[in-house]
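Asks: the sequence and its predicted three-dimensional model are supplied below.
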Amino acid sequence: MIDELVRYLSSPSNREVLLEQLGQHVYLALVPLIAGVSLALPLGRLAQRVRWLRGALLGTAGVVYTIPSLAVFVLLPGIIGTGYTSPVNIVIALTLYTTALLVRPVVDALESVPTHVTVAATAMGYRPHRRFLAVELPLAVPALTSAVRVASVSNISLVSVGALVGSGGLGRLFMVGFERPDLVQIPVGIVLTVLLALLVDLLLVVGWRSLTPWERAGRAVIGS
Amino acid sequence: MISEIAAWLLDPAHWTGGEGVLRQSWLHLLYCVFAVCAAAVIAIPLGLYIGHTGRGSVLVVAFGNAVRALPTLGLVTGLAMLYQGSAALAALVVLAFPAVLSGTYAGVNAVPADAVDAARGMGMSSAQRLWQVELPNALPLLMGGVRNAMLQVMATTAIAAYVGLGGLGKLLIEGQAIRHYDQMASAAILIALLAVLVDLVLAGLTRLLVPRGVMLVVAETGAGPRGRREQR
């Protein structure tokens, strides 16, 4: 097993393929994450403000999230007219999932902002839009982080499924490994996917800390 | 193209027989229900124990996160290669386990301490508190975990057709092999419908199982099965 692994990794062409697939995997997982967050924020804001839209938005998000990924990957090209193996399908499908996953946490996070804070901001002369961007959104970040972390891990794991419909990414390793059969490629793929998920998760935590300096400042004051 | 898909779906020949839609839907459902039940038999008691005693709660969170990062296709192909195609069933159980466990644990953990203290003050034993206070109050989140597990397993069963497990995914993979998009799209629609339908049934079951008093608290305070949509 170890010998095979060493032999597999020592071949330059294997390493090249691996790096390429890793790169595609990162692209296919993170572009939808960013797009999903950018869509979920305004949608969540809308659901928070407009009562009658709320049920419809949250309900739709729930249904979207229930549909298995393979079904979405197959149906999307038929609906939007892209090529069957186009990576665009994966990006759009995962954007839908990320948005569906995040809408409810965005609403919850925005509602967790204390009323006295928003009232104080209004009294200081903040207009609604500026108040949202400068006061409510930053204060909602901590409550949002855990949901974004779940979305990133789930995206990274889901990209592999895309290999079944011919897209790139580390999922190719599972199919090649299974069809050959070759016992090295599947564990290599699993380990790389999990490591990638851990790394992105770590980066999100670090990013969250730099976005919310007051959290640490507050703790330091309380601690002193 | 829509007419081709409709034609495929409406052709009675596609519905009957050993490879037909009816039998594959039944298999799909059977595998999923088996996997979730097998996982629940261990995960619910374990989650209740951990939530009740507070021991090992750190492990639940770490374990849940680790399994969430596992690529389902890798797990399915790996197990199928080491053993055989039907070993993919074990992968389904593995994937269902953490969702049920963390749902159960979170449910017990979220029971208001006041209620547990009051039960203790009324002279309830540890077992009575667990069965009469903690379990009923934990049910909304517990069922949320079961629903999470079910949708994860529904998606993975479709994928497991690639290694030879039956179910609706088989129709999709075979359609892909012979390059018939109408069959693939029909199978995909059926997979989606089955998943949504089963989720609705579980939502109905939750309403039946959860005591009315707990439901009222959930409706009033908004506390309840929040964030239950976690992973697929």
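Replies: Great, that's in hand.
Asks: any idea which element residue 3 lies in?
Replies: If you meant another chain, say so; for now it's chain A. helix A:2-10 (DSSP states H and E).
Asks: hmm, I had chain B in mind actually
Replies: Counting by DSSP H and E, B:S3 is part of helix B:2-10.
Asks: residues in contact with the most centrally placed residue in chain B?
Replies: By CA atoms, centre = their mean, the mean C-alpha position of chain B lies nearest to B:M150, the distance being 1.7 Å. By CB atoms under 8 Å, 6 or more residues apart in numbering or on different chains, the residues touching B:M150 are B:C32, B:V36, B:A96, B:V198, B:D199, B:L202. Backbone N, C-alpha and C define where each C-beta goes, glycine included.
Asks: next one, pLDDT for it please.
Replies: At B:M150, the model reports a pLDDT of 94.
Asks: show residues contacting stretch A:211-220.
Replies: A:P138, A:V141, A:P142, A:R209.
Asks: please repeat the previous calculation with a cut-off of 6 Å.
Replies: Stretch A:211-220 is contacted from outside by A:V141, A:P142, using CB atoms under 6 Å, 6 or more residues apart in numbering or on different chains.
Asks: is stretch B:194-206 anywhere near chain A?
Replies: Yes. For a cut-off given as CB under 6 Å from any CB of the partner chain, stretch B:194-206 has contacts with chain A, namely B:A195, B:V196, B:D199.
Asks: quick check: closest non-adjacent residue to B:M143.
Replies: B:T206 (4.1 Å; CB to CB, 6 or more residues apart in numbering or on different chains).
Asks: test my guess that that neighbour contacts B:L142.
Replies: No. Applying CB atoms under 6 Å, one finds B:T206 not in contact with B:L142, separated by 9.1 Å.
Asks: neighbour-wise, which of the two wins?
Replies: Shown here are B:T206 and B:L142; by other CB atoms under 10 Å in any protein chain shown, B:L142 has more neighbours (28 against 18).
Asks: work out for me the element that one sits within.
Replies: helix B:135-160.
Asks: flag the shaky bits of chain A, pLDDT-wise.
Replies: Along chain A, the parts satisfying pLDDT under 70 run over A:218-224.
Asks: now the helices for it?
Replies: A:2-10, A:12-49, A:51-66, A:69-80, A:87-111, A:115-123, A:128-131, A:137-159, A:171-179, A:185-211, A:213-223 (DSSP state H).
Asks: and the fourth one, what other elements does it pack with?
Replies: Helices and strands in packing contact with helix A:69-80 are listed as helix A:87-111, helix B:135-160, helix B:181-209; criterion 3 or more CB pairs under 6 Å, 6 or more residues apart in numbering or on different chains; DSSP states H and E.
Asks: one step back: the helices of chain A: which one's closest to B:L171?
Replies: helix A:69-80 (11.0 Å; CB to CB).
Asks: find the nearest non-adjacent residue to B:L202, please.
Replies: Nearest to B:L202 is B:R147, by CB to CB, 6+ apart, at 4.8 Å.
Asks: give me the pLDDT for the one you found.
Replies: Value listed for B:R147 in the pLDDT field: 93.
Asks: what does chain B put close to chain A?
Replies: B:68-69, B:71, B:73-74, B:77-78, B:81, B:151, B:154-155, B:158-159, B:184-185, B:188, B:191-192, B:195-196, B:199, B:229-231.
Asks: what is the neighbour count of the closest residue to B:S86 other than its chain neighbours?
Replies: Leaving aside its chain neighbours, B:S86 sits nearest to B:L165 (6.7 Å; criterion: CB to CB, 6+ apart). By other CB under 10 Å, 25 other residues sit near B:L165.
Asks: output the below-cut-off pLDDT ranges for chain B.
Replies: In chain B (pLDDT under 70), the answer is B:85, B:216-232.
Asks: tell me the angle the top helix by length along it makes with helix B:181-209.
Replies: The single longest helix within chain B, with elements called by DSSP H, is helix B:21-53. Put simply, helix B:21-53 runs at 40 degrees to helix B:181-209, going by axes from the mean of the first three to the mean of the last three CA atoms, to 10 degrees.
Asks: and helix B:21-53, what does it pack against?
Replies: Partner elements for helix B:21-53 (3+ CB pairs under 6 Å, 6+ apart): helix B:88-109, helix B:135-160, helix B:168-177.
Asks: next secondary structure element downstream of it?
Replies: helix B:57-69.
Asks: show me the contact partners of that next one.
Replies: A:V153, A:V194, A:A197, B:I50, B:P98, B:L101, B:S102, B:Y105, B:Q231.
Asks: I'd like the distance between the residue nearest to B:L135 when sequence neighbours are not counted and chain A.
Replies: Closest residue to B:L135 apart from its sequence neighbours, by CB to CB, 6+ apart: B:L48 at 6.8 Å. For B:L48, the distance to chain A equals 24 Å [CB to the nearest CB, to the nearest Å].
Asks: A:V107 contacts A:R45, correct?
Replies: No. The pair A:V107 and A:R45 does not pass the contact test of CB under 6 Å, sitting 8.4 Å apart.
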